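J.: Okay, structure incoming, though there's no sequence with it:
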């Protein structure tokens, strides 16, 4: 998938090999991180879950004070060429801390423990949304709720939480930034402002549709090469794939995602203790949510929230996070105890 990503990125970057070389470096670093994480036993992750969560929260708070601002968003820490998004660390920290808490008795979790987990989940979600980074905030919230669901959260609590969320939508609407409200309205009717707020999604759907069954051909996508398609190396790179490789290319790419997800689910089902099972399940769901949201937003069935396409979009921090989660899943699988040992 990474090799396929290089091919798409080379075309999306207007045949600039510099982007591909940088992405190769990102892949190399991410593979090293994955290999290291795969060697660490699951009980070590369990022991360090609280520390990792606290470190992630402190880094998120640091972003609000000394974080770098780019395109109106204050999401990064670092200086010069080296910078990273602390919110990416929470993609690992939240599954770790929730799996640690929920794997302890009582199981299924009672109301007191469920409320504690919601508090632990809600704080980083709010901090991430304030950056603002709505896409990552949705990923964190979705992953956290799924972990609670896997732990056997009582249905009455699920219904109560769902009712509370629906009831608070009017307050959330007025608490959103203007551009976030515009994205929701644009999602409902992008044609109301085709040259403004609706431009991104309209151009994305034109690119996907023009690919047809077999695509326009590699390096032959007019939407990306003539720069009609915005953010074509990051958030909207799936549109480049659809334009140049058509329905067949999209089908192959989604099939690869499903194959990885199947393997993640297999590891989850065969995990031998509650912590490993909850952790593997939450990391698997985070991976699913990442590619589902990206493909949904570029095809117009979900609002545009700025989530990169895993293993394909250009970027370093998100790639390291994804492969680090794969390393943890490998650790859960390889450190299984033999029956009778």
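T.: All right, it came through fine. Being a predicted model, the structure only gives us computed values, none of them experimental.
J.: and residue 222, how many residues sit next to it?
T.: Using other CB atoms under 10 Å, residue 222 has 15 neighbouring residues. In short, each C-beta sits where N, CA and C put it, glycine included.
J.: oh sorry, the question was meant for residue 225
T.: 19.
J.: Which residue comes closest to it once chain neighbours are left out?
T.: In this structure, residue 225 finds its nearest non-sequential neighbour in residue 14, 6.2 Å apart by CB to CB, 6 or more residues apart in numbering.
J.: Now do the SS call for that neighbour.
T.: coil (DSSP: H, G, I helix; E, B strand; the rest coil).
J.: ok, now which ones touch residue 151?
T.: 102-103, 107-109, 278 (CB atoms under 8 Å, 6 or more residues apart in numbering).
J.: Reformat these as a markdown table; add secondary structure and distance to residue 227.
T.: Shown next, in a markdown table, are the contacts of residue 151 (DSSP: H, G, I helix; E, B strand; the rest coil; distance: CB to CB, whole Å):
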| residue | secondary structure | distance to residue 227 |
| --- | --- | --- |
| 102 | helix | 48 |
| 103 | coil | 50 |
| 107 | coil | 54 |
| 108 | coil | 53 |
| 109 | coil | 51 |
| 278 | helix | 45 |
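J.: Show me just the buried residues among those residues.
T.: The neighbour-count criterion (16 or more other CB atoms under 10 Å) marks 102-103, 109, 278 among the contacts of residue 151 as buried.
J.: Which residue ranges of this protein form strands?
T.: Per DSSP state E, the chain carries strands over the ranges 68-70, 73-79, 82-84.
J.: Any buried residues in stretch 148-164, and which?
T.: Within stretch 148-164, the residues that count as buried by 16+ other CB under 10 Å are 148, 150-151, 153, 157.
J.: ugh, wrong one, stretch 186-196
T.: 186-187, 190.
J.: next one: stretch 3-20
T.: Buried-residue list, stretch 3-20, by 16+ other CB under 10 Å: 4-13, 19-20.
J.: same question, stretch 138-151
T.: Buried residues in stretch 138-151 (16+ other CB under 10 Å): 138-148, 150-151.
J.: Restricted to helices, list the residues you listed.
T.: 138-148, 150 (DSSP state H).
J.: Give me the nearest residue to residue 15, chain neighbours excluded.
T.: residue 219 (6.5 Å).
J.: What about the one you found? Give its phi and psi, please.
T.: The phi/psi pair for residue 219 (degrees, to the nearest 10) reads phi 70, psi 10.
J.: Can you tell me how far it is from residue 309?
T.: Distance of residue 219 to residue 309, computed by CB to CB, to the nearest Å: 19 Å.
J.: can you check residue 178 too?
T.: Distance from residue 178 to residue 309, by CB to CB: 27 Å.
J.: Please say which of those two ends up with more neighbours.
T.: Applying other CB under 10 Å to residue 178 and residue 309 shows that residue 309 carries more neighbours, namely 26 against 7.
J.: Touching, the more buried one and residue 239? I think so.
T.: No. Using CB atoms under 8 Å, residue 309 is not in contact with residue 239; the gap is 10.0 Å.
J.: So which residue is smack in the middle of this protein?
T.: By CA atoms, centre = their mean, the mean C-alpha position of the chain lies nearest to residue 290, the distance being 3.7 Å.
J.: quick one: contacts for the closest residue in space to that residue that isn't next to it in sequence?
T.: Of all residues not flanking residue 290 in the chain, residue 310 sits nearest, at 4.8 Å (CB to CB, 6+ apart). Contacts for residue 310 (CB under 8 Å, 6+ apart) come out as 257, 287, 290-291, 294, 318-319, 322.
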